[in-house]
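> With the input below, show me the fold.
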Amino acid sequence: MMMLPRMRNWLLLALVLLTGVAASGRGSVAVDFDALMQKQGLVDVATLDPSITVDLKYATTDNFVGKNMYGNLHKAYLHKGTAQSLVKALKQLQAIDPKWGFVVYDAARPVSVQRIMWDMVKGTKNEKYVASPYRGGPHNYGVAVDIALTYNGKPVDMGTPFDNFTTDAHITNEAGLVKQGRISKEAMKNRQLLRKVLTDNGFLTYSREWWHFMRYNMQYVRKHIKLLDF
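Modelled structure (predicted):
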């Protein structure tokens, strides 16, 4: 059957609109985050130290949203100064014992992904654990890293998994958590070691998440560093 010109034009318009949605990254994982990170001037941490293990949880379904939000992105990108400080922290850690290492669970995060995360928690008790995308959190500027320790290449006991939205992941009363049997003494010591080497190299902690560290305060970040608005 011959397609009428008006119908053909409508179908072409629909195809263009659908392609635009896929390219935006909000409804699809087809967007090339690698290229956008590089265009923003961010650094792939593996190029500075390939011994850092990268296991981006948001490029898998092993996260609180339960879906891959990064598509084919499997590199950990950071603001240059943040990446350099991370490598310095690793050198300090390995000076204690060369079998120690880092595993990065998240690094620079596009605002489009932050929107998906925010929509998942807004209006719930877990809203306090996720930064609003409207101004952007430290991940959305490439200055934050979610990280844990490894020993002989294997993750060690940190008390809770990554993305654990309970007080067991808080760093404000770890001795109390040990006393209550909620985390082990080994986990507390591992957290303390992780904090020691990172804070010695300029990173700031976050009280609700043992894994989250940012290199600069947000007042400085919003003034001097570009938002990953893609």
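
> you'd agree I116 is up against N63?
No - using C-beta atoms under 8 Å, I116 makes no contact with N63, being 10.6 Å away. C-beta: built from backbone N, CA, C; applies to glycine.

> out of these two, which sits in the busier spot?
N63 (20 against 17; other C-beta atoms under 10 Å).

> what separates the more buried one from R109, distance-wise?
Using C-beta to C-beta, to the nearest Å, one obtains 12 Å as the distance from N63 to R109.

> Please apply the same query to G202.
Distance of G202 to R109, computed by C-beta to C-beta: 20 Å.

> and the helix or strand where F102 lies, how far out from the chain's middle?
Using DSSP states H and E, the element containing F102 is strand 100-106. Chain-centre distance of strand 100-106: 11 Å, with C-alpha atoms, centre = their mean, to the nearest Å.

> Now the element after it, going C-ward?
helix 111-121.

> how much does the helix or strand just after that next one deviate in direction from strand 100-106?
Next along the chain after helix 111-121, taking DSSP H and E as the criterion, comes strand 144-151. If you take axes from the mean of the first three to the mean of the last three C-alpha atoms, to 10 degrees, strand 144-151 sits at 140 degrees to strand 100-106.

> Does anything pack onto strand 144-151? Which helices or strands?
Under the contact criterion of 3 or more C-beta pairs under 8 Å, 6 or more residues apart in numbering; DSSP states H and E, strand 144-151 touches helix 80-96, strand 100-106, helix 185-199, strand 209-214.

> Dump the ones you listed to TSV, plus mean neighbour count.
Output for these, formatted as TSV (neighbours: other C-beta atoms under 10 Å):
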stretch	mean neighbour count
helix 80-96	18
strand 100-106	22
helix 185-199	18
strand 209-214	24
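
> Out of those, which gets nearest to K226?
Among those, the nearest to K226 by C-beta to C-beta is helix 80-96 (12.1 Å).

> picking up where we left off before, which strands border the strand holding F102, and is each parallel or antiparallel?
strand 53-54 (parallel), strand 144-151 (antiparallel) (DSSP bridges).

> Please work out which residues outside the helix or strand following the longest one touch it.
Stepping forward along the backbone from strand 144-151, the first helix or strand reached (DSSP H and E) is strand 154-155. Counting by C-beta atoms under 8 Å, 6 or more residues apart in numbering, the neighbours of strand 154-155 from elsewhere in the structure are 103, 148-149.

> Check which helices and strands the next helix or strand after strand 154-155 sits against.
Counting by DSSP H and E, the next helix or strand C-terminal to strand 154-155 is helix 174-179. On a contact count with 3+ C-beta pairs under 8 Å, 6+ apart, helix 174-179 meets helix 185-199.

> what angle do the strand holding F102 and helix 80-96 make?
150 degrees.

> what is the rounded mean pLDDT of strand 100-106?
Mean pLDDT, strand 100-106: 98.

> Please apply the same query to stretch 126-134.
Averaging pLDDT along stretch 126-134 gives 93.

> and what of stretch 87-97?
pLDDT averaged over stretch 87-97 gives 98.

> ok, residues contacting it?
So stretch 87-97 is in contact with 45, 48-49, 51-52, 100-102, 149, 151, 193, 197-198, 200-201, 203, going by C-beta under 8 Å, 6+ apart.

> returning to that earlier point: looking at G202 and R109, which has the bigger crowd around it?
R109 (27 against 17).

> Not counting residues beside it along the chain, what's closest to L227?
Leaving aside its chain neighbours, L227 sits nearest to G136 (5.0 Å; criterion: C-beta to C-beta, 6 or more residues apart in numbering).
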